[in-house]
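>>> pasting a predicted model and its sequence here:
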Amino acid sequence: MNKIVLESAKGVKGNKVQLTFSQVVSTGKSSNNILGLLNASDDRFNQAKPRFAWLSGEKADITAQFNIDVTNLAEGEELIINQEDPRLAGAPDMPLNIQIVETTKGTEYDVANFETRAKRAGKDGDFILHNGLYIYSRSLVVTGEAKHVILEGTTRLDVAQAADAIASALN
């Protein structure tokens, strides 16, 4: 598994700092995408893309845990870090990893913005459903091995069908 990278720290509201992490994540699920196999020699088809996760915290605690001084970051200011394999001072022997958790219980924001928050087959592709419900994905930063939760038994909902269902529900 690729190592996690602490990309940056950004000052946010409430005098807090938001950390951005990235990692190329393998969920252990093999793809049955034949297109990828038939284009294995084409770099455009085999570039692994990183997943991102964001954590917000207190400036003093972030400084203490990661030994990176973020105490003077003002709201909107960003510090580029690009530290590979960061470790917490409180758990220096435990690697950090991004853990993917899929759920059908979206936050209020997820549900209100399902067009961009729900899982899809490609950027503008069909929605992926589990038991008829939209799937939302959470990226969490954890210590130790990531224990991904990937929903099985999914189906697709054509984008046009989703628009019709929304229109019917609103009428």
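Sure, I can see it.

>>> bridging residues for the residue nearest in space to the middle of the chain?
Nearest to the mean C-alpha position of the chain, by Cα atoms, centre = their mean, lies residue 139 at 3.7 Å. Legend: beta-bridge partners of residue 139 under DSSP bridges are residue 100.

>>> is it true that it touches residue 55?
No: look at residue 139 against residue 55 with Cβ atoms under 8 Å: they stay out of range, at 10.2 Å. (C-beta placed from N, C-alpha, C; glycine too.)

>>> who's in contact with the residue nearest to the centre of the chain?
51-53, 98-100 (Cβ atoms under 8 Å, 6 or more residues apart in numbering).

>>> can I get those in a markdown table with neighbour count and pLDDT?
Formatted as a markdown table, the contacts of residue 139 follow (neighbours: other Cβ atoms under 10 Å; pLDDT from 0 to 100):
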| residue | neighbour count | pLDDT |
| --- | --- | --- |
| 51 | 17 | 93 |
| 52 | 13 | 97 |
| 53 | 22 | 98 |
| 98 | 22 | 97 |
| 99 | 21 | 96 |
| 100 | 18 | 95 |
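
>>> tell me which two of the residues you listed sit farthest apart.
Between any two of those, the greatest separation by Cβ to Cβ is 12.8 Å, found for 52 and 99.

>>> and residue 67, how many neighbours?
Residues contacting residue 67 under the criterion other Cβ atoms under 10 Å number 12.

>>> run through who's touching stretch 113-131.
102, 104, 106, 109-111, 134-137, 151, 153-159, 162.

>>> could you report the pLDDT at the residue nearest to the centre of the chain?
Listed pLDDT for residue 139 reads 96.
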